[in-house]
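Participant: Okay, predicted coordinates and the sequence, questions at the end:
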Amino acid sequence: MTAGGPILAIDTATTHAVVALGTADGSLLEGRSWLAGYRHGEELLARLEALLGDNGVRTADLGGIAVGTGPGAFTGLRVGIATAKALAHALGLPIVGIATGSALLAAAAASDAPGASGALVLLQPAGANDRVLVRPGEPARILPGGTDLDLRDGETLVAVDLAGRAPEAAVSLGLGATDGLAAALIAAAASRLRTGDADDLARLVPEYVTLPRGVLRATLPDEGVELSGGSTRPRP
């Protein structure tokens, strides 16, 4: 570990996986994204190695690890967080979990896309029919299929991974949010690491919105507590 060294960020909460390098002051050095679908584990390590190698950064040079904690689907989040925690443990690095929903909203607000102003709320898929709604400062909420959004006055919708299932304007804002996710993760992580606000490896857990068929929450006692609608969030 190098004090003040670069921050490595990983996010696998959406269908577009993200790996990024940034400085200790929160500037993005490089972010890379690819359409992983639901096969995040197939390319993640190779993409990380390529990012570090192309930027001339050794793992020993790193100053910290950041990882997106969701909301997101079971498989992608589990791969990303397990990889980040393994790296942090092996390298003796501080790790910070960044709520992907909050980072996406920050990225949307920072974009120059039309309509990216005011009170932004995030909408993501939660399985084939349900959706999850994220408002700043509030717990994520599952919306069962067919449920109206019921936006509040002045709110603007940002939709990620919902092409064809959300208004076009919201999907457009979601694309801008996805493009800016790497920078938002690095900025949020640097802010926390500067103050020593790292997470405990054992308590850093994903915020799932779905579990694969046949997996029971009783088999995941350390993953979190249940949210309304069947997702999970980290224990306080």
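Facilitator: That came through fine.
Participant: Which stretches in this structure count as strands?
Facilitator: Taking DSSP state E, the strands of the chain run over residues 7-11, 16-22, 28-35, 64-68, 72-73, 95-98, 119-126, 130-134, 141-143, 155-159, 208-210, 225-226, 232-233.
Participant: From L143, how far off is L133?
Facilitator: 6 Å (Cβ to Cβ, to the nearest Å). (Glycine included, C-beta is placed from N, CA and C.)
Participant: In this protein, where's the longest helix?
Facilitator: helix 74-91 (DSSP state H).
Participant: tell me the angle of it relative to strand 64-68?
Facilitator: Angle of helix 74-91 versus strand 64-68, following axes from the mean of the first three to the mean of the last three Cα atoms, to 10 degrees, is 170 degrees.
Participant: Next, the buried residues of helix 74-91.
Facilitator: Residues of helix 74-91 classed as buried by neighbour count (16 or more other Cβ atoms under 10 Å): 74-81, 83-85, 87-88.
Participant: need the helix or strand of this structure with the lowest average pLDDT.
Facilitator: Lowest mean confidence among the helices and strands of the chain (mean pLDDT, DSSP states H and E): strand 225-226, at a mean of 30.
Participant: before we move on, the earlier item: then the longest helix of the chain to CSV, C-alphas only?
Facilitator: This file holds the C-alpha atoms of helix 74-91, laid out as CSV (Å, rounded to 0.1, in the frame of the first residue of the first chain):
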residue,chain,number,x,y,z
PHE,A,74,-27.3,-10.8,-7.0
THR,A,75,-24.7,-12.2,-9.4
GLY,A,76,-23.1,-9.0,-10.5
LEU,A,77,-22.9,-7.4,-7.1
ARG,A,78,-21.6,-10.5,-5.5
VAL,A,79,-18.7,-10.8,-8.0
GLY,A,80,-17.7,-7.1,-7.7
ILE,A,81,-17.8,-6.9,-4.0
ALA,A,82,-16.1,-10.3,-3.5
THR,A,83,-13.3,-9.2,-5.9
ALA,A,84,-12.9,-5.8,-4.2
LYS,A,85,-12.8,-7.4,-0.7
ALA,A,86,-10.3,-10.0,-1.7
LEU,A,87,-8.0,-7.3,-3.2
ALA,A,88,-8.3,-5.1,-0.1
HIS,A,89,-7.6,-8.0,2.2
ALA,A,90,-4.6,-9.4,0.2
LEU,A,91,-3.0,-5.9,-0.2
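Participant: and it, how far from the chain's centre?
Facilitator: Centroid separation for helix 74-91 versus its chain: 12 Å, with Cα atoms, centre = their mean, to the nearest Å.
Participant: Could you list the residues in contact with it?
Facilitator: 1, 8, 10-15, 17, 36, 38, 40-41, 44-45, 48, 59-60, 62, 65-70, 93-95, 97, 201, 204-208, 210-212, 215 (Cβ atoms under 8 Å, 6 or more residues apart in numbering).
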